[in-house]
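> sequence first, then the predicted structure, then my questions.
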Amino acid sequence: MRSPQRDSVSGLKAILRLNLKQLYTNRDSNVLISSVYRLAGRFERIGRKTHNFQIMACPPLDLWRIFVPPRNNSIPRFIHRTYLAELWNERGFIGRLTLIVGWLFWSIPLNLVAAVWMTTINGAAVARLTNKSFGQLIGEQIQLAFLHNILPPWYYQFDLHDDDKRRQAEAYLHRFELKGGLYKLLARHLGSRGRNLLSNKATFYEECRKVGLSTLSEIGVARNGVVVDESGDPVTLPPQDIFIKPLGGRGGSGAEIYAWQGEGTWSNRRGLRLSATELMTHLSRLSMIEPYLIQPRAQCHAAIADLSAGALPTVRVLTIKSSDWWEAVAAVFRMPLGARSTVDNFHAGNIAANVDLTTGQLGAATDIGLNPDLGWVDRHPDTGAQIAGRTLPYWPETLDLAQRAHSAFDQKLVIGWDIAILPHGPVLVEGNGAPDTDIHQRPMGAPLGAGRFGLLLAVLLHQIIDY
């Protein structure tokens, strides 16, 4: 058994090396990261009149733009300025002073350190690619941080060392702007006042069945030590692979696969072998901490089965309210890495490829881009299967499902849909009411702010305010 001290050292190394696979599974590193965010959150709450807009880790370095009239009226600049203005306006004198102090004594030093740290990890590989010195790379990061609040990790994530991509820097939309306030602003003024049915997976599947939307099948729910099916009857586990995940979980955290071994036993990826009674006891214990959804392990369509050696690959489709419908504006296909993977989450070190919305054809695949280990690939690193140029099966049906789902779940104006393409067609896995944009902008190699998503987002914001 590993000692707590060894796990802590391993977690710190994972942070320093940006090993996302290890970060995703290492409890100590997750606790450390969460502690840093909580500390920053407490600091930035000082003097706030309301709690709708927040900073993710440090006050934005382009905060100075609040005091300078914009030189252009571009769509991305309007979106960025809306976030900055609301961040500033909801604070009183003390809150604004806190932002300025944090900007000067926290944001500037942190970004300088981050630029050196990220360049230490990525600089040699990027220098060979671009013929730029470490000094040039660090200088570009600092410039982008002050002009567009693109922090050093995102400089590498979006390949902004590429001069052509860097010219579009203003058009990149940031998760801290959207998750940190703009999604809330839209919901508060334009969104439905109804209950959010996306956050609880059991409720989500129940609502899907009511409106005739295809979803993954279920075995039951484990809650408060009891495992029951949708009718409330005790569950008998079927002799097949089983997938479990927390009802309120995010990003696949806490998900596990129990593979059927025959003779009444299952085993997980760590080699733990359990009988039916032992597995039910395990589920009951887990459910005393938080409720879990229990499902048969789904198998993807044969045409894309070679794009994963482990977990189920899924499509993320981004939909947003347009004038009279719910429009799909971007899509990526997420593929797990490693035979022991349980989820295809992009931020857990897996890969994704952009999907052409018209044809369903895949581009080259990439990881999140925070270190130079993988980069861009045309073939799956595990299976060797061709990715770039591949066309997804049931693509028109997949887009149609996402758009119909948004019309049924209209509590949110922007939703990211996770859809699995199974042998009989696409099914909904879950809906994300505050979808991340990095998962699209990295595989696209282009900013969302310059496309259809940016336009429709700006239209919605213009209905509320005009800066």
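Received it, and whenever you're ready, just let me know what you need. Numbering: from 1, shown residues only.
> give me the buried positions along the host helix or strand of Gln295.
Counting by DSSP states H and E, the element that carries Gln295 is strand 292-296. Applying a neighbour-count criterion of 16 or more other Cβ atoms under 10 Å, one finds 292-295 buried in strand 292-296. For every residue, glycine as well, the C-beta is placed using N, CA and C.
> for that strand, which outside residues touch it?
Here strand 292-296 makes contact (Cβ atoms under 8 Å, 6 or more residues apart in numbering) with 201-202, 205, 216-223, 227, 235, 238, 240-247, 254, 283, 286.
> give me the buried entries from those residues.
The buried subset of those (16+ other Cβ under 10 Å) comprises 201-202, 205, 216, 218-223, 227, 235, 241-247, 254, 283, 286.
> among the residues you listed, which ones are in strands?
Here DSSP state E is the test, and the buried ones among the contacts of strand 292-296 give 220-223, 227, 242-246 as lying in strands.
> with distance to Gly310 and pLDDT added, can I get those in CSV?
Below are those laid out as CSV (distance: Cβ to Cβ, whole Å; pLDDT from 0 to 100):
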residue, distance to Gly310, pLDDT
Gly220, 24, 89
Val221, 25, 90
Ala222, 23, 90
Arg223, 28, 90
Val227, 25, 88
Ile242, 15, 92
Phe243, 12, 91
Ile244, 16, 90
Lys245, 15, 88
Pro246, 20, 87
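> make TSV from those and add distance to Leu129 to it.
Output for these, formatted as TSV (distance: Cβ to Cβ, whole Å):
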residue	distance to Leu129
Gly220	51
Val221	49
Ala222	49
Arg223	51
Val227	52
Ile242	44
Phe243	40
Ile244	42
Lys245	39
Pro246	40
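> closest to Phe158 out of those?
Comparing those against Phe158 with Cβ to Cβ places Lys245 closest, at 30.0 Å.
> who touches that closest one in this structure?
Lys245 neighbours (Cβ under 8 Å, 6+ apart): 201, 252, 254-256, 292-293, 295.
> equivalent analysis for Asn350, please.
Counting by Cβ under 8 Å, 6+ apart, Asn350 has contacts 334-337, 341, 343-344, 367.
> quick one: contacts for the residue lying farthest from the centre of the chain?
Using Cα atoms, centre = their mean, the residue of the chain lying farthest from its centre is Glu263. It sits 38.7 Å away. Applying Cβ under 8 Å, 6+ apart, one finds that Glu263 lies in contact with no residue.
> Tyr258: neighbour count?
24 (other Cβ atoms under 10 Å).
> the nearest residue to Gly375 once chain neighbours are set aside pairs with what?
In this structure, Gly375 finds its nearest non-sequential neighbour in Thr366, 6.7 Å apart by Cβ to Cβ, 6 or more residues apart in numbering. Assessed by DSSP bridges, Thr366 has beta-bridge partners Ala352, Trp376.
> next: Ala331.
Assigned bridge partners for Ala331, using DSSP bridges, are Val317.
> surely it and Thr358 touch.
No. Judged on Cβ atoms under 8 Å, Ala331 makes no contact with Thr358 at a distance of 10.7 Å.
> tell me which of the two has more neighbours.
Taking other Cβ under 10 Å, Ala331 and Thr358 do not tie; Ala331 has more neighbours (28 against 9).
> contact partners for that one?
Ala331 touches 315-318, 354-355, 357, 399, 440, counting by Cβ under 8 Å, 6+ apart.
> and of these, the nearest to Glu140?
Once Cβ to Cβ is applied, the member of those that ends up nearest Glu140 is His440, at 23.0 Å.
> can you pull the contacts of the closest one?
316, 318, 330-332, 354, 448.
> give me the sheet partners of the strand holding Gln295 and which way each runs.
strand 220-223 (antiparallel), strand 242-246 (antiparallel).
> now these as CSV including distance to Arg91?
CSV is the format used below for those (distance: least, Cβ to Cβ, whole Å):
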stretch, distance to Arg91
strand 220-223, 40
strand 242-246, 34
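> wait, a strand at Met118?
No. With DSSP: H, G, I helix; E, B strand; the rest coil as the criterion, Met118 is located in helix rather than a strand.
> give me the neighbour count for it.
For Met118, using other Cβ under 10 Å, the count is 24.
> likewise for the one 3 residues further on?
With neighbours defined by other Cβ under 10 Å, the count for Ile121 comes to 18.
> that one: which element?
Using DSSP H and E, Ile121 falls in helix 108-130.
> check which element follows that helix along the chain.
Taking DSSP H and E, what comes next after helix 108-130 is helix 134-148.
> flag every buried residue along that following helix.
Neighbour-count burial for helix 134-148 [16+ other Cβ under 10 Å]: 136-138, 140-142, 144-146, 148.
> identify all contacting residues around that helix.
61-62, 64, 80, 111-112, 114-116, 118-119, 123, 126-127, 132, 150-152, 155, 160-161, 166, 169-170, 172.
> restricting to C-alpha, output it in PDB.
Output of helix 134-148 as PDB, limited to C-alpha atoms (Å, rounded to 0.1, in the frame of the first residue of the first chain):
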ATOM      1  CA  PHE A 134      12.700  31.100 -24.600                       C
ATOM      2  CA  GLY A 135      12.700  34.900 -24.100                       C
ATOM      3  CA  GLN A 136      10.500  35.400 -27.100                       C
ATOM      4  CA  LEU A 137       8.000  32.700 -25.900                       C
ATOM      5  CA  ILE A 138       7.800  34.200 -22.400                       C
ATOM      6  CA  GLY A 139       7.400  37.700 -23.900                       C
ATOM      7  CA  GLU A 140       4.500  36.700 -26.100                       C
ATOM      8  CA  GLN A 141       2.800  35.100 -23.100                       C
ATOM      9  CA  ILE A 142       3.100  38.200 -21.000                       C
ATOM     10  CA  GLN A 143       1.800  40.400 -23.900                       C
ATOM     11  CA  LEU A 144      -1.200  38.200 -24.400                       C
ATOM     12  CA  ALA A 145      -1.900  38.100 -20.700                       C
ATOM     13  CA  PHE A 146      -2.100  41.900 -20.400                       C
ATOM     14  CA  LEU A 147      -3.900  42.400 -23.700                       C
ATOM     15  CA  HIS A 148      -6.400  39.600 -23.700                       C
END
